[in-house]
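**Student:** Pasting a predicted model and its sequence here:
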Amino acid sequence: MKKILFVCHGNICRSTMAESVFTDMVNGCGLSEKFEISSAATHADELGSPPHYGTREKLRERGIPLVPHRARLLTRADGAYYDYIIGMDAENLRHMQRILGDCRAKICLLLDFTPRPRAIADPWYTGNFDETYRDVAEGCSALLSTLSEGL
């Protein structure tokens, strides 16, 4: 079983969207028993909050079920538990490395799995949930393609 943790600043926009999108993709391929998927935050700003309304609306528009979720903080123990801890931008990556220290998990950005690695813009600031969704869907598709080889 591959254990995947998506991470962003507050765990209410991008990482929650990625968790829901990747879960939907995995379920659609009949691989749900091969993956454990969750998400977390690098900051305590939104702990306990549900996903942002923009994330909920974008997923509803696309027919993707929202996973049951409340924002939680990334912990050092996550580094020992998860196989992949996947951030959305360089700031997330810096905070992830600070929180996790030395860990066994592969730490990277979601779009590192694509032919065009880049950051995923935070819709909390941009308001552009369409762009965020496109990037998240591209990254999740590439991640699933990479990780499903040999399953």
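**Tutor:** Yes, it's here. Residues are numbered from 1 along each chain as shown.

**Student:** where are the low-confidence patches of this structure?
**Tutor:** Per-residue confidence of the chain (counting by pLDDT under 70) places no residue in a weak region.

**Student:** How are the strands of it distributed by residue range?
**Tutor:** In order along the chain, the chain carries the following strands (DSSP state E): 2-8, 35-41, 84-87, 106-109.

**Student:** Let's have the ones you listed in a markdown table, adding distance to Arg76.
**Tutor:** Yep, even glycine has a C-beta here, placed from its N, CA and C like the rest. Conversion of these to a markdown table gives the following (distance: least, C-beta to C-beta, whole Å):
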| stretch | distance to Arg76 |
| --- | --- |
| strand 2-8 | 13 |
| strand 35-41 | 12 |
| strand 84-87 | 11 |
| strand 106-109 | 13 |
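
**Student:** I'd like those strands as a markdown table, with mean neighbour count appended.
**Tutor:** Output for the strands of the chain, formatted as a markdown table (neighbours: other C-beta atoms under 10 Å):
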| stretch | mean neighbour count |
| --- | --- |
| strand 2-8 | 24 |
| strand 35-41 | 21 |
| strand 84-87 | 26 |
| strand 106-109 | 16 |
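
**Student:** Of those strands, give the one that comes closest to Asn128.
**Tutor:** Using C-beta to C-beta as the criterion, the shortest distance between Asn128 and those is 14.9 Å, found for strand 2-8.

**Student:** so what does the closest one touch, helix or strand wise?
**Tutor:** Contact analysis of strand 2-8 by 3 or more C-beta pairs under 8 Å, 6 or more residues apart in numbering; DSSP states H and E lists helix 14-28, strand 35-41, strand 84-87, helix 90-100, helix 129-148 as its packing neighbours.

**Student:** Please repeat the previous calculation with a cut-off of 6 Å.
**Tutor:** If you count contacts as 3 or more C-beta pairs under 6 Å, 6 or more residues apart in numbering; DSSP states H and E, strand 2-8 packs onto helix 14-28, strand 35-41, strand 84-87, helix 90-100.
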